[in-house]
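J.: build me a structure from this.
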Amino acid sequence: MAPEIFIRPATLADVPELLFHRRGMYEAMGYADATALAGMMKTSEPYLREAITNGTLHAWVAENEGRVIGGGLIIVSPWLSHPYDQQCRRATVLNMYVDPEFRRQGIARRLMQTMIVWCRKQDFAGVALHASDQGRPLYESLGFEPTTEMRLKLR
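T.: Numbering: from 1, shown residues only. Model prediction:
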């Protein structure tokens, strides 16, 4: 029997869980530098608190019996408009994570659907994300397509 899952907007009280998810996401992708992960957690906490407060970050968590078992967030950032989108902002999904024992039960899909609905209600022309190998099939099934984005590492 599938567990009962409740999805709700995250609050400042959820910041520790969002940080745990961020670390878990990187660990699941094979990143094992404990010092760098701890540094990421330390520098991300004040950002999360400020961005939730000022509305430039919106997050959702999945709960099972009162325990947060997954979540995801959207950063709304200033961005130049395009011919196909006259708004000077964009939405980016980050931090998608579900605890290992709850994976493959549709929780990430429900979180993503919740975030997509929110983006539509906010009248975004699109939403972007960076997919891990494990997440790519889910995102493709929801209609996400590869883009022409490229990256240059500077350090």
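
J.: what mean pLDDT does the helix or strand where Arg23 lies have?
T.: Per DSSP states H and E: Arg23 is located in helix 15-28. For helix 15-28, mean pLDDT is 94.

J.: summarise which helices and strands that helix is packed against.
T.: Secondary-structure packing of helix 15-28 (3 or more CB pairs under 8 Å, 6 or more residues apart in numbering; DSSP states H and E): helix 34-54, strand 57-64, strand 67-78, strand 89-98. For glycine as for every other residue, the C-beta is placed from the backbone atoms N, C-alpha and C.

J.: show me where this protein dips below the pLDDT cut-off.
T.: For the chain, the stretches with pLDDT under 70 are 1-2.

J.: could you dump the helices and strands packed on helix 15-28 to CSV with distance to Asp14 and mean neighbour count?
T.: Below are those laid out as CSV (distance: least, CB to CB, whole Å; neighbours: other CB atoms under 10 Å):
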stretch, distance to Asp14, mean neighbour count
helix 34-54, 9, 13
strand 57-64, 6, 21
strand 67-78, 6, 19
strand 89-98, 11, 21
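
J.: which one of these lies nearest to Gly24?
T.: Of all these, it is strand 89-98 that lies closest to Gly24, at 5.3 Å by CB to CB.

J.: give me the next element, helix or strand, following that closest one.
T.: Per DSSP H and E, the first helix or strand lying C-terminal to strand 89-98 is helix 107-121.

J.: quick check: Leu142 touching Leu111?
T.: No. Assessed by CB atoms under 8 Å, Leu142 is found out of contact with Leu111, at 10.9 Å.

J.: what about these two, which has more around it?
T.: Ranked by neighbour count (other CB atoms under 10 Å), Leu142 and Leu111 place Leu111 first, with 25 against 12.

J.: and the more buried one, how far is that from Asp85?
T.: 24 Å (CB to CB, to the nearest Å).

J.: before we move on, what about Pro100?
T.: Applying CB to CB to Pro100 and Asp85 gives a distance of 37 Å.
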